[in-house]
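Engineer: Need coordinates for the below:
(2 chains)
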Amino acid sequence: MRSLPTSRPWRIAFYLVALAALFLAPVYLQSSYSVRILVLVCLFGAASTGWNLIGGYANQISLGHTVFFGIGAYATVIFQGTLGLSPWLAIPTGIVLAVIVALLIGWPTFQLSGHYFALATLALLPVFHIIATYWEDLTGGSVGISVPILPSGLDTLQFDTPTPFFYIAAVLLVLVMILARWVRQSVLGLQLDAIRLNPQASTLAGVNQFRAKMKALVMSAAVVAVAGSLYGAFLQFMDPDTAFSWNTTLNLVLFAMVGGVRFWWGPALGALILIPFGEFASAQLTGNLAALGQLAYGVLLILLVLFQPRGIGGLFSIVWQKATGRKL
Amino acid sequence: MGLEITDLQSGYGNIEVLHKISLAVDDGDYVAVVGANGAGKTTLLKSISGTVRAKGGSIVFNGNDLLARPAHKVPQLLIAHVPEGRQIFPELSVYDNLMAGAWLVKDKDQRAQTLGEVYDLFPRLKERSGQMAGTLSGGEQQMVAVGRALMLRPKLIMLDEPSQGLAPKLVTEMYQQLAEVHGLGTSVLLVEQNTTAALKYAKRAYVMEQGRITMSGSSEELRGSEEIRKAYLGI
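Structural biologist: The predicted structure is shown next:
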């Protein structure tokens, strides 16, 4: 919530502890398998936080954000694998391309009210999957593109252990969360709130709905594209199924909803809970038990949506209010 | 100057609700539009604020053509519309709801000053400033809706059935607060089914029936009219 300046030192102390816990994770986790999972938490947490800028704050549900993710990912492997250029150059390229796609999808649909945006984004993913499959000269078709092994270092984004990459992903996550917090507390955040809660009244209060949504969508697309670029660098490989996968779309939405779309830290929290949970379930429950893990996952999600539609963040805020008498 | 509506035609899709309506709200005026349910009163206000697109005629406010403006640019001319049915932002605090009415006001000091004035007018809102607006009583939610409109420091405030669903005591209170706002120089355009209240507080009134204006005059005249007494006042 806005306008609660009280107990600032505690808040800052909490942020510092959270930051320390994040950045010291490779020290206490030790196994490189766990660090790899944390890289995924950071990248998908950042992407989901980006999705939330438009999907959560303004409740303009996008089912096509994977496209921005995939554009960023392909930019990296094409730059590094095909062209032999630095992956750092791929990041701004991915941003520009993703923003162009975002403008093209937002321009017509945000002038209409209703579900046109969600429907249009739904169609976006198969279109890009097909383009990536058939534009073989650019994407390598369904075989995909692999990045050759290069000398390790910050310039190639290839490392002998996952730990350095984790630090890069963690920095991205922190920056994206700062952006999400800033938007939440800005005039734009209030406008997006108003659009979500009462579109008609927001217009009467002078909100240019079209412009506010476009701003949020462009920021959102850019953030997701950067996360995608780093994902491409992390995997050192990309094909249409990896870049433009339904799973990514579902995950971005899911992490945000489980963590709480009303909170700037909600999507990251969702990723922090669900990604390790999923990895654990698929590692421990093998063979016939694999279905059991998925079943448990599904049941948990249904329960959460039924009993705590504001996500785990909503649960937190209730507990916090009971304990301190103040809103989160 | 003020608001001038000439031969306004408006409606939804192919259905015309307003058939060539003309009315005026002068600077500092207090005008009521009364009439039965479905007469087109809400459509009239929505056409002025641009949330319903007019099909013909003209609406001019202080020399500005309102029909040439998208809805979100109408508040820039300092026209505030309090829609029917307590349109608030339920999950935002009272304070944030009020601030939502003020983001066109760039001057921070003016915002703070207006907020103080709104709190003076509705002391209840000050007490509840941190509370989620959706948890307030109906009367308090109506105060939030009116307060949000006032945060703009409007030259013209339009209200759609502000007394709807309020207890009689709160209706009186609401109208006294509105009279205070009017006293400070804001023009008021009020749409009401509650004809008694409307004719008590407004200076002038129009009677609307099936999308047409059938009568107009000072509130005093209309209160004295035989037809009005029979049809709307029930005496």
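Engineer: How is residue 91 assigned, secondary-structure-wise?
Structural biologist: Looking at chain A here, since you left the chain open. helix (DSSP: H, G, I helix; E, B strand; the rest coil).
Engineer: Correction: the question concerned chain B.
Structural biologist: Residue B:91 ends up coil, using three-state DSSP.
Engineer: Setting aside sequence neighbours, what's the nearest residue to it?
Structural biologist: Residue nearest to residue B:91 in three dimensions, not counting chain neighbours: residue A:197, with 5.7 Å by C-beta to C-beta, 6 or more residues apart in numbering or on different chains. Every C-beta, even on glycine, is put in place using the N, C-alpha and C of the backbone.
Engineer: Could you tell me which residues make contact with the one you found?
Structural biologist: B:89-92 (C-beta atoms under 8 Å, 6 or more residues apart in numbering or on different chains).
Engineer: Residue A:58 versus that one, what's the distance?
Structural biologist: 10 Å (C-beta to C-beta, to the nearest Å).
Engineer: Residue B:211 too?
Structural biologist: For residue B:211, the distance to residue A:58 (C-beta to C-beta) stands at 36 Å.
Engineer: Low-confidence ranges, the chain, go.
Structural biologist: Using chain A. Residue ranges of chain A with pLDDT under 70: A:1-7, A:326-328.
Engineer: wrong one, chain B
Structural biologist: B:233-235.
Engineer: Relative to chain A, which residue of it is the closest?
Structural biologist: residue B:75 (3.7 Å; C-beta to the nearest C-beta).
Engineer: if I read this right, that residue contacts residue B:152, doesn't it?
Structural biologist: Yes - judged on C-beta atoms under 8 Å, residue B:75 makes contact with residue B:152 at a distance of 6.0 Å.
Engineer: what's the burial count for residue 32?
Structural biologist: With no chain named, the answer covers chain A. 14 (other C-beta atoms under 10 Å in any protein chain shown).
Engineer: sorry, should have said chain B
Structural biologist: Residue B:32 has 26 nearby residues by other C-beta under 10 Å.
Engineer: isn't it right up against residue B:222?
Structural biologist: No - Residue B:32 is beyond contact range of residue B:222, at 9.1 Å (criterion: C-beta under 8 Å).
Engineer: overlap in contacts of the two?
Structural biologist: Going by C-beta under 8 Å, 6+ apart, residues that sit against residue B:32 and also against residue B:222 are B:199, B:205.
Engineer: Go through chain B and flag its longest helix.
Structural biologist: Using DSSP state H, we find that the single longest helix of chain B is helix B:168-183.
Engineer: Count the residues that sit near the closest residue to residue B:11 other than its chain neighbours.
Structural biologist: Of all residues not flanking residue B:11 in the chain, residue B:17 sits nearest, at 4.0 Å (C-beta to C-beta, 6+ apart). Residues lying near residue B:17 (other C-beta under 10 Å) number 22.
Engineer: Same question for residue A:310.
Structural biologist: For residue A:310, using other C-beta under 10 Å, the count is 18.
Engineer: Check residue B:13 too.
Structural biologist: Residue B:13 has 5 nearby residues by other C-beta under 10 Å.
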